[in-house]
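A.B. asks: sequence below, structure please.
(one chain, ligands or ions: 2)
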Amino acid sequence: MDKLLITGGTRLTGDVVISGAKNATLPILCAGLLTSDDLHLTNLPLLKDVSTMEKLLSQMGLRMNVSGNSVTLNGSNIHNLEAPYDMVKTMRASILALGPLLARFGEARVSLPGGCAIGARPVDQHIKGLQAMGAEITIEAGYIHAKAKKLKGTRIVTDMITVTGTENLLMAATLAEGETILENSACEPEVVDLANLLVAMGAQISGIGTSRMVIQGVSSLHGAQHHIISDRVEAATFLCAVAATGGDVTLQNTRVDILDVALDKLREAGAILITEADTIRIQMSSRPKAVSFRTTEYPGFPTDMQAQFMAMNCIAEGTSQVTETIFENRFMHVQELNRLGASIETEGHTAIVRGVDKLVGAPVMATDLRASASLVIAALAAEGETLIDRIYHLDRGYDQMEVKLSALGANIKRVS
Ligand SMILES: CC(=O)N[C@H]1[C@@H](OP(=O)(O)OP(=O)(O)OC[C@H]2O[C@@H](n3ccc(=O)[nH]c3=O)[C@H](O)[C@@H]2O)O[C@H](CO)[C@@H](O)[C@@H]1O
Ligand SMILES: C=C(OP(=O)(O)O)C(=O)O
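C.D. replies: Numbering: from 1, shown residues only. Ligands and ions are numbered 1, 2, ... in the order given. From the prediction side, this is the model:
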């Protein structure tokens, strides 16, 4: 099993190109199930969840022609309407096949994802929404079996804001009969990216980027071309790494307008940021100042950046409070950061981080995707060597992270 060996203490300098967003790519690949025409996608990130999704969709019959960071999908020969447990258990986003399969083929069988390292993560809202659109849904032997001759538009109010729930219902609604209103829908940029692609495919959607989307169903969707948005979480991860180690780094191929809160927090921590529409230069010459925050839905502070900012807070001047409101169990990195000499205590959903003068390298274990990223950041800032185990979590969502960090001068290598 691969591990990362990091010798900390080097300032990061240079340029880094940010990849396409994992959380936009996964639903967008599933949108390939909605049409028999070609979908041309560019700016795909090269990471494990994307290849798992490609494998899942290929076995359904979606044809795929991958070339570097581009892919052409063709859904004219879909013959298997099932997402099996083996795949769903490695990637929860497989649930995103449910809405498109049901809407276009009238049936789908998708394994229930179950919980994961960050919480219970039920999919009851996906099911509730599809049932409201007329689907008959049974849950048997760990599978969701959904059937509907034709989905019917209706008004759906989800109990909470759910990102993949909104994406599943949005894709289903594009081919439903009549009008669907999605109230309390997620406004995350990745949802907007999916919606923009669907519009390019002929879907009729208004209210994109708001909490109320209105969809007029159409009888079929056609092919389109789409450039996937830049990964805001990867961008924030590199920015936190520079804030923790010090340095001068320019992020290329990024999107300043979808990173507002993260950039505000970095300025509060003492970073100098020079931004243009698609580049961010960060200069950090002092120890960061502690920053407190509370995770919420977009445009608030993203839960997917919580662990990385906490890593920066570990060596900051002062004490910070980090409150997680989206997932019930997203502090698995706390114990591992403490192994590196951090001083963090948790009280329910809040972590109190007392900044220490230095972290010291140690063997640590990655427990989930962003927890892994926080350990990389802490290790880069620590004195001495850190060996991070179970980095398959990191590979799930980052495109060649150690290659990009090496190019910025970090002493990081993959070892088996
Ligand atoms: C592939 C992808 O895009 N993943 C992102 C997506 O996950 P995902 O879409 O799974 O997260 P949700 O937005 O659905 O979850 C938000 C909250 O709602 C709860 N919930 C959700 C659905 C449901 O049917 N019932 C229910 O109770 C969840 O357990 C969680 O507490 O959004 C999360 C929140 O921004 C991000 O951390 C993930 O990176
Ligand atoms: C939690 C994440 O992903 P997923 O929803 O695929 O588990 C993430 O990207 O941080």
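A.B. asks: in space, what's closest to the residue of the stretch 251-400 of the chain found nearest ligand 2 - neighbours in sequence excluded?
C.D. replies: The minimum distance from the stretch 251-400 of the chain to ligand 2, using CB to the nearest ligand atom, falls at Asp304 (4.0 Å). Where C-beta positions appear, they are placed from N, C-alpha and C, glycine not excepted. Spatial nearest neighbour of Asp304, chain neighbours left out: Val233 (4.6 Å); criterion: CB to CB, 6 or more residues apart in numbering.
A.B. asks: the one you found: what secondary structure?
C.D. replies: At Val233 the chain is in helix, as set by DSSP: H, G, I helix; E, B strand; the rest coil.
A.B. asks: quick one: neighbours of it, just the number.
C.D. replies: Around Val233 there are 23 other residues, counting by other CB atoms under 10 Å.
A.B. asks: next: Gly119.
C.D. replies: A count of nearby residues for Gly119, using other CB under 10 Å, gives 13.
A.B. asks: tell me what it is bridged to.
C.D. replies: With DSSP bridges as the criterion, Gly119 is bridged to Cys116.
A.B. asks: in contact with it, which residues?
C.D. replies: Neighbour list for Gly119: Phe327, Glu328, Asn329, Arg330 [criterion: CB atoms under 8 Å, 6 or more residues apart in numbering].
A.B. asks: helices of the stretch 201-350 of the chain, start to end?
C.D. replies: Assigned helices in the stretch 201-350 of the chain, in chain order: 232-245, 260-268, 306-314, 333-339 (criterion: DSSP state H, counting those that start in this stretch).
A.B. asks: do the first one and ligand 1 come into contact?
C.D. replies: Which is helix 232-245. No: between helix 232-245 and ligand 1, judged by CB under 6 Å from any ligand atom, nothing touches; the nearest distance is 7.5 Å.
A.B. asks: same thing with stretch 305-321?
C.D. replies: No: judged by CB under 6 Å from any ligand atom, stretch 305-321 and ligand 1 are separated, with a smallest distance of 9.2 Å.
A.B. asks: how far does that stretch stretch from one end to the other?
C.D. replies: Stretch 305-321 stretches 15 Å from its first residue to its last (CA to CA, to the nearest Å).
A.B. asks: now swap in stretch 7-27 and tell me
C.D. replies: One end of stretch 7-27 sits 37 Å from the other (CA to CA).
A.B. asks: list phi and psi for Asp389.
C.D. replies: phi -90, psi 160 (degrees, to the nearest 10).
A.B. asks: model confidence for it, exactly?
C.D. replies: Model confidence at Asp389, given as pLDDT, is 97.
A.B. asks: cool, and Glu183?
C.D. replies: Confidence at Glu183, expressed as pLDDT, is 98.
A.B. asks: now it: how far from Arg212?
C.D. replies: Per CB to CB, to the nearest Å, Glu183 is found 6 Å from Arg212.
A.B. asks: swap in Thr275?
C.D. replies: Distance, Thr275 to Arg212, using CB to CB: 31 Å.
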